[in-house]
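In: what follows is a predicted structure for the sequence shown.
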Amino acid sequence: MHVSTHEITSLAAQDLPAPLLQVDRVSLQYRSATAVVQATHEVSFDVYPADRFVLLGPSGCGKSSLLKSVAGFLPPAAGEIRLDGQVLHQPGPDRIVVFQEFDQLPPWKTVLQNVMFPLLASRTLGKRDAAERARHYLDKVGLARFADAYPHTLSGGMKARVAIARALAMQPKMLLMDEPFAALDALTRRKMQEELLALWDEVRFTLLFVTHSIEEALVVGNRILLLSPHPGRVRAEINSHQYDLSSLGGVGFQQTAQRIHRLLFDEGGPSDAASAAAPTLNFSDVRFSY
Ligand SMILES: Nc1ncnc2c1ncn2[C@@H]1O[C@H](COP(=O)(O)OP(=O)(O)OP(=O)(O)O)[C@@H](O)[C@H]1O
């Protein structure tokens with residue numbers, strides 16, 4: 001049977017789900033009266049529904065800037081960002097950001113009121129439905145009993161859970177998290193990673209997650225984008241779905257973490273990177289980009 005190129009292309013396109021988010025050759029800049037700071041250079045990646053997509057790279061490589069840009073707060077100097085095929089120009093309730101400063105929870109509102117607030121402010125729901133939705137997500141993060149508590153009475157981990165419940169209650173197309181657990185102690189951080197993964201298992205939200213911790217990236221992400229030092233460019237994209245909290249400390253996990261470290265910090269071109277990704281590497285795919 002003769003199959004034309006056109007038919008092959010459309011068959012292949014049918015097999016793949018459409019990307020939810022497309023970041024297409026995005027360069028980001030900060031301009032002041034005296035200087036221009038280039039934060040990223042032509043960064044491209046696609047995020048698919050239910051991905052846990054991690055941006056990983058050294059301090060100053062533009063991870064937060066990319067997240068801000070996807071959130072709609074920083075317009076690209078070049079390139080474009082599309083959500084469901086539509087070019088993004090501004091923030092919207094379809095992309096909710098969770099930062100690490102959980103003290104952004106207004107202290108005069110109870111936990112329930114905090115979770116209800118964006119639903120009411122955006123007129124997504126009326127008071128009764130907002131309360132019901134808020135309780136549903138508080139239950140999911142294990143805080144149903146604390147609905148009437150005030151934020152200052154909660155631990156850091158509990159505040160993080162309120163912030164996640166508040167974001168999920170908006171049922172956004174994407175949850176954007178910028179180093180959400182960085183300020184927590186090591187044990188709480190681990191617990192929050194575990195809870196985030198359990199929540200994802202249940203809700204299957206699409207996550208864009210920024211971290212500079214290789215270990216956290218491997219645990220939280222199913223795909224990881226490695227960015228070079230300032231200004232950030234794509235170094236490689238890695239499939240990491242085979243790792244979770246139970247892989248921590250294992251030999252394969254450690255080797256992978258070391259190789260990612262080399263990919264991130266070794267100077268050099270594609271041949272260095274290719275040798276770092278020798279066949280023993282456990283990634284099911286690694287795409288290099290220079
Ligand atoms: N508001 C701003 N004005 C000017 N320059 C900025 C601003 N925000 C970030 N930058 C610069 O843009 C570059 C990228 O910063 P960004 O915060 O995105 O990096 P990052 O990878 O998130 O770093 P970190 O892990 O330290 O948070 C850096 O050189 C930084 O100094």
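Out: Arrived safely, thanks for sending. Numbering: from 1, shown residues only.

In: quick check, Val47 in contact with Leu66.
Out: No - between Val47 and Leu66 there is no contact under CB atoms under 8 Å: 11.4 Å. The way it works is simple: take the backbone N, C-alpha and C, and place the C-beta from them, glycine included.

In: quick one: the strands in the stretch 1-150 of the chain, in order.
Out: 21-31, 36-47, 52-56, 78-83, 86-87, 95-98 (DSSP state E, counting those that start in this stretch).

In: reformat these as TSV; add mean neighbour count and distance to Pro231.
Out: TSV is the format used below for the strands of the stretch 1-150 of the chain (neighbours: other CB atoms under 10 Å; distance: least, CB to CB, whole Å):
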stretch	mean neighbour count	distance to Pro231
strand 21-31	18	8
strand 36-47	19	4
strand 52-56	26	14
strand 78-83	16	12
strand 86-87	10	23
strand 95-98	22	22
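
In: weakest of the ones you listed in terms of mean pLDDT?
Out: Ranked by mean pLDDT, the strands of the stretch 1-150 of the chain end with strand 95-98 in last place, scoring a mean of 91.

In: interface residues of the protein facing the ligand?
Out: Within reach of the ligand by CB under 6 Å from any ligand atom, the chain has these residues: 30, 37, 39, 57, 59-65, 212, 230.

In: rerun that using 5 Å as the cut-off
Out: Counting by CB under 5 Å from any ligand atom, the residues of the chain lying close to the ligand are Tyr30, Val37, Ala39, Ser59, Gly60, Cys61, Gly62, Lys63, Ser64, Ser65, His212.

In: residues contacting stretch 123-132, please?
Out: Contact with stretch 123-132 is made by Pro93, Leu112, Met116, Pro118, Leu119, Leu120, Arg133, Met170, as judged by CB atoms under 8 Å, 6 or more residues apart in numbering.

In: can you give me the buried ones in it?
Out: Leu125, Ala130, Ala131 (16 or more other CB atoms under 10 Å).

In: cool, and stretch 86-105?
Out: Applying 16+ other CB under 10 Å to stretch 86-105 flags Leu88, Asp94, Arg95, Ile96, Val97, Val98, Phe99, Gln100, Phe102, Leu105 as buried.
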